[in-house]
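1. Just need the structure, nothing else, for what follows:
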Amino acid sequence: MDSKTAKKIKSKDTKIELLLGKALWHNGMRYRKNDKTVFGKPDFVFKRKKIAVFCDSEFWHGYNYLVKDERFKTNAEFWEKKILRNIERDNEVTEKLKKDGWIVLRFWGTEIQKELDMCVEKVREAYEGR
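-> Residues are numbered from 1 along each chain as shown. So this is what the prediction gives:
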């Protein structure tokens, strides 16, 4: 990956975050974005309810990575190490938040794009259940 390509990669305000965020807001759910005071800096935080929502892109967060037999064609060692560490970090963040009493919701990008209503409903159920 060259630096030109790397500069285009966003860590926040991605398409899937904007899509889910607008839907949550439209449904009356008020949140904080990328709250640095919450471990793992979730994409959406409902602090009083202790709900953390993450929007995970398939590539960076390793969707089915361990099941698929895809190999990178260039710089394979770097990319495999990177994706596996991202998966490990996601698990660490989820476990720590749950241990601290948080409800953790993680949605894949395709879920958000194709089943937005279902994602919003899961957040609503968690929110109303607290």
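2. Residue 14: what's it in contact with?
-> By CB atoms under 8 Å, 6 or more residues apart in numbering, the residues touching residue 14 are 55, 57. Every residue, glycine included, has its C-beta placed from N, CA and C.
3. Got the phi and psi for it?
-> For residue 14, the backbone dihedrals (degrees, to the nearest 10) come out as phi -70, psi 170.
4. gap between it and residue 113?
-> 11 Å (CB to CB, to the nearest Å).
5. beta partners for residue 56?
-> residue 108 (DSSP bridges).
6. ok, it - contacts?
-> Listed by CB under 8 Å, 6+ apart, the contact set of residue 56 reads 63, 90, 106-109.
7. Is there a quick ChimeraX command that grabs whichever of these are buried?
-> Restricted to buried positions by 16 or more other CB atoms under 10 Å, the ChimeraX selection for those reads:
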select :63,90,106,107,108,109
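8. For residue 31, state which of the contacts of residue 56 is nearest.
-> Nearest to residue 31 out of those is residue 107 (CB to CB; 13.8 Å).
9. which SSE is the closest residue to that closest one other than its chain neighbours in?
-> Distances taken as CB to CB, 6 or more residues apart in numbering put residue 119 closest to residue 107, at 5.0 Å, once the chain neighbours are dropped. Using DSSP states H and E, residue 119 falls within helix 116-129.
10. To what extent is residue 89 buried, counted in neighbours?
-> 12 (other CB atoms under 10 Å).
11. Give me the buried stretch members for the helix or strand hosting it, please.
-> Taking DSSP H and E as the definition, one finds residue 89 inside helix 76-99. Going by neighbour count (16+ other CB under 10 Å), the buried part of helix 76-99 is 83, 86-87, 90, 93-94, 97.
12. Then stretch 119-127?
-> For stretch 119-127, burial by neighbour count (16+ other CB under 10 Å) applies to 119-120, 122-123, 126-127.
13. for stretch 47-54, same thing?
-> For stretch 47-54, by 16+ other CB under 10 Å, it's 49-54.
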